[in-house]
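Peer 1: okay, predicted coordinates and the sequence, questions at the end:
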There are 2 protein chains.
Amino acid sequence: MPASRVTLADVARRAGVSRTTASFVMSDRTDMRISDEARQRVLAVAEELGYRPNLTARGLRTTVTRTIGLISDTIATTQFAGEVIHGALDTALAHDHLLFVVETSDDPAVEQRLIEGMLDRQVDALVYATMYTRVATPPPALDGRRVVLLNSLDETFDGPRVLPDELAGGRNAAAALVRAGHTDGIYSIGGRHLIPATPDGAWAGRLRMQGAEEVLAEAGLELSGTVECAWEAADGYAAVSGLLETGIRPRALICLTDRLTLGVYQALQQAGLRIPEDVSVVSFDDSALASWLRPGLTSVALPHYELGKAAVDLLLNGDQSRAVHRIDMPIRTRQSVAPPAADRS
Amino acid sequence: MPASRVTLADVARRAGVSRTTASFVMSDRTDMRISDEARQRVLAVAEELGYRPNLTARGLRTTVTRTIGLISDTIATTQFAGEVIHGALDTALAHDHLLFVVETSDDPAVEQRLIEGMLDRQVDALVYATMYTRVATPPPALDGRRVVLLNSLDETFDGPRVLPDELAGGRNAAAALVRAGHTDGIYSIGGRHLIPATPDGAWAGRLRMQGAEEVLAEAGLELSGTVECAWEAADGYAAVSGLLETGIRPRALICLTDRLTLGVYQALQQAGLRIPEDVSVVSFDDSALASWLRPGLTSVALPHYELGKAAVDLLLNGDQSRAVHRIDMPIRTRQSVAPPAADRS
DNA sequence: CCCCTGTGCTAAACCGAGTTAGCACGGTTA
DNA sequence: TAACCGTGCTAACTCGGTTTAGCACAGGGG
């Protein structure tokens, strides 16, 4: 039974002091003179009764609720949001905050309702997140609030933003191949994501490719080719099948997502090519899939957890500066990369 | 700028009535006599000023916050929690509620802190969820609260529980094969999950197998064999490779998870067997993987969204009866099931 | 003319904290 | 001996709503 909660008044009464005194003791304020004896008495009683301040009441008076809103366009579809929530949650908890988690499904009316709902509950600050990196502008309802943008390219936003460091990620992918000794027959599968929906390529795609090409150039190398295609499993299968049919025998592949790589694996294995003995494969995302594949897929991680963590950290540290925080994309090494076979040089 | 909010007092003043009257109008209470004229005036002013009640203040007085807590053991690792959150969120929103989402990482100390945090914020009710079905008992801190258990087998719990209907799911899987005309060479890969950690099998495994065997028996059929193994990708690969090496040529496989099936696909394709022409495959989970695989995998869905939805529905309908609500596990038909080839009967 | 009933409204208390203003007391100094 | 100061505390107000108790007035009946 939720036996009616112990209030500050209960504590004060039992300790023989006024509510005011009890309040000052509990909030540890030193600008008011309280005898050490009274302080100890209040603390002892609070402990004994298991007093916990009612944050709703406190919130009403102080307008701070120790609560943060996390607005996302999508939660379910991808593993993305799960990790972001996880990172945000852990960080919030470390600072004694809780999270309202909310999903707009990219519907402005829903978004409006959800934001109103959070403001009605007096959230202290908000993370405005999107599932994948794109230009996402927070609605006017958030103007003047403490907000951090997660995964948004909105340059006009006047506050901190958190983004994955895709350029460095691209460099990490190529560096793994260079380190293994690859010098030629390196192909990119997926490329910049030059499909009708994104004719100029996806932001992530452009930066990943740029990073990869930088590293190759620094080693005096270059890509033998790029298959531009969409980033789904079927596209990876088609891309590599096509490559093999033209007689090309790649020695290393930079695939732009793990999903894509699922198809790539199927195409390579169907053609009797062994990973990594015949062909090395690096990918991006480090999704659960990367560890399920055989051999385990070496993949550059999208730092979802760290993105969520960084966003909440910025909010709780009160950082309102207009800066872009790029989060490292570390490579998770598994078994899909090996030195090129000597007999085929 | 968050221009200081419009309060009920503002509305009352402008409408020329007392706060009491304004309050009664806004909360649409009929037990107090308000002239239609006054009512209209208040409503018009509220609309004009864009009045929104401060739910913190209301919560303090009424102890209802229109806020629900969702406690989960894990969020990030699986797609599970994402869908559960999604379903819970949608349903909460439909009833003008918001969700605190929280993850315990199965650490009782963390769980305790999180529950205290939610109670300090006066949540109205809570969903106590686990990532996969197991005996999970809510801690004493939740005694006497409105709680729904999601995915827990705790028989001692005195309230509603929500579970996937695994027995019906097992029936659905087998029925798909029977419907396609399969009569023999049907094997189960994964079985009851009889591994050292779960020597009696997993709850889901037992029910899925029972359901499948029921349906086969009703059609006068039976399994040609079961490979008991763990439910990861590598196990699926090993299981089917092993089967094929003994000279067995299965005609249909019931695989107990999509992950497992990923390995199964690799083993079959490596052996030159075509799906579904040579071997039909049904699976469980309907994860994203099922749609990524080639050919698309027919899979019995774990109804995560519906579980979350049902749990919140029960909470908001005030249902406190001690009942187990089994949620349907519908089969998602793709391309991995076909009639058995005639030439091999 | 008084009493009664119904209508329409409001004053004031309340929820549980935080915060401001100031009081009582003892000791020190002029 | 009064003025002054520091110490230790509390009364009362505040936040923005909900809720209880009851007041003022009009109209009808006896």
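Peer 2: Looks like it arrived, so ask away. Numbering: from 1, shown residues only, chains lettered A, B, ... in the order given.

Peer 1: count the residues that sit near A:Thr20.
Peer 2: 12 (other C-beta atoms under 10 Å in any protein chain shown). C-beta: built from backbone N, CA, C; applies to glycine.

Peer 1: need the helices for chain A, in chain order.
Peer 2: Along chain A, the stretches classed as helices by DSSP state H are A:8-15, A:19-26, A:36-49, A:55-62, A:80-94, A:108-120, A:166-180, A:203-218, A:233-245, A:258-270, A:288-292, A:304-316.

Peer 1: turn those helices into JSON lines, including distance to B:Arg334.
Peer 2: Formatted as JSON lines, those follow (distance: least, C-beta to C-beta, whole Å):
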{"stretch": "helix A:8-15", "distance to B:Arg334": "60"}
{"stretch": "helix A:19-26", "distance to B:Arg334": "60"}
{"stretch": "helix A:36-49", "distance to B:Arg334": "60"}
{"stretch": "helix A:55-62", "distance to B:Arg334": "48"}
{"stretch": "helix A:80-94", "distance to B:Arg334": "24"}
{"stretch": "helix A:108-120", "distance to B:Arg334": "30"}
{"stretch": "helix A:166-180", "distance to B:Arg334": "32"}
{"stretch": "helix A:203-218", "distance to B:Arg334": "28"}
{"stretch": "helix A:233-245", "distance to B:Arg334": "13"}
{"stretch": "helix A:258-270", "distance to B:Arg334": "15"}
{"stretch": "helix A:288-292", "distance to B:Arg334": "18"}
{"stretch": "helix A:304-316", "distance to B:Arg334": "28"}
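
Peer 1: what's the burial count for A:Val215?
Peer 2: Neighbour count of A:Val215, defined by other C-beta under 10 Å: 20.

Peer 1: confidence score at it?
Peer 2: A:Val215 carries a pLDDT value of 98.

Peer 1: quick one: it and A:Ala174 touch, right?
Peer 2: Yes. A:Val215 is within contact range of A:Ala174, at 3.9 Å (criterion: C-beta atoms under 8 Å).

Peer 1: thinking again about what came up before, nearest to B:Ala267, out of the helices of chain A?
Peer 2: In terms of C-beta to C-beta, the element of those nearest to B:Ala267 is helix A:258-270, at 10.8 Å.

Peer 1: that older thread, dump the helices of chain A into CSV; add distance to DNA strand D as well.
Peer 2: CSV is the format used below for those (distance: least, C-beta to the nearest atom of the strand, whole Å):
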stretch, distance to DNA strand D
helix A:8-15, 7
helix A:19-26, 4
helix A:36-49, 4
helix A:55-62, 4
helix A:80-94, 24
helix A:108-120, 9
helix A:166-180, 44
helix A:203-218, 42
helix A:233-245, 52
helix A:258-270, 48
helix A:288-292, 46
helix A:304-316, 23
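
Peer 1: turn these into JSON lines, columns for distance to chain B.
Peer 2: Listed next are those as JSON lines, based on distance: least, C-beta to the nearest C-beta, whole Å:
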{"stretch": "helix A:8-15", "distance to chain B": "13"}
{"stretch": "helix A:19-26", "distance to chain B": "13"}
{"stretch": "helix A:36-49", "distance to chain B": "14"}
{"stretch": "helix A:55-62", "distance to chain B": "5"}
{"stretch": "helix A:80-94", "distance to chain B": "4"}
{"stretch": "helix A:108-120", "distance to chain B": "5"}
{"stretch": "helix A:166-180", "distance to chain B": "20"}
{"stretch": "helix A:203-218", "distance to chain B": "19"}
{"stretch": "helix A:233-245", "distance to chain B": "4"}
{"stretch": "helix A:258-270", "distance to chain B": "5"}
{"stretch": "helix A:288-292", "distance to chain B": "4"}
{"stretch": "helix A:304-316", "distance to chain B": "7"}
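
Peer 1: closest to B:Ala38 out of these?
Peer 2: helix A:108-120 (25.0 Å).

Peer 1: contacts for that closest one, please.
Peer 2: The list of residues contacting helix A:108-120 from outside it, by C-beta atoms under 8 Å, 6 or more residues apart in numbering or on different chains, reads A:69, A:71, A:100, A:102-104, A:126, A:139, A:141-142, A:145, B:52-55, B:93, B:96, B:98.

Peer 1: before we move on, what about stretch A:231-238?
Peer 2: A:189-190, A:193, A:205, A:229, A:255-257, A:259-264, A:266-267, B:292-294.

Peer 1: if you set the cut-off to 10 Å instead, what comes out?
Peer 2: Stretch A:231-238 is contacted by residues A:189-191, A:193, A:195, A:202, A:204-205, A:227-230, A:253, A:255-268, A:270, A:283-285, A:289, B:288-289, B:291-294, B:296 when judged by C-beta atoms under 10 Å, 6 or more residues apart in numbering or on different chains.

Peer 1: so what's the residue count around the residue in chain A positioned nearest to DNA strand C?
Peer 2: Nearest residue of chain A to DNA strand C: A:Thr7, at 2.9 Å (C-beta to the nearest atom of the strand). A:Thr7 has 17 neighbours, counted by other C-beta under 10 Å.

Peer 1: what do you get for A:Ile75?
Peer 2: Each residue near A:Ile75 was counted by other C-beta under 10 Å, and the total is 28.

Peer 1: contacting residues around it?
Peer 2: Here A:Ile75 is in contact with A:81-82, A:84-85, A:101-105, A:129, A:131, B:75, B:81-86, B:89, B:101 (C-beta under 10 Å, 6+ apart).

Peer 1: pLDDT score for A:Ala212?
Peer 2: For A:Ala212, pLDDT reads 98.

Peer 1: now A:Met1
Peer 2: We have a pLDDT of 47 for A:Met1.

Peer 1: cool, and the one 10 residues further on?
Peer 2: Confidence per residue is given as pLDDT, and for A:Val11 that number is 96.

Peer 1: hang on, it packs against A:Ser18?
Peer 2: No. Look at A:Val11 against A:Ser18 with C-beta atoms under 10 Å: they stay out of range, at 11.0 Å.

Peer 1: sweet, I'm off.
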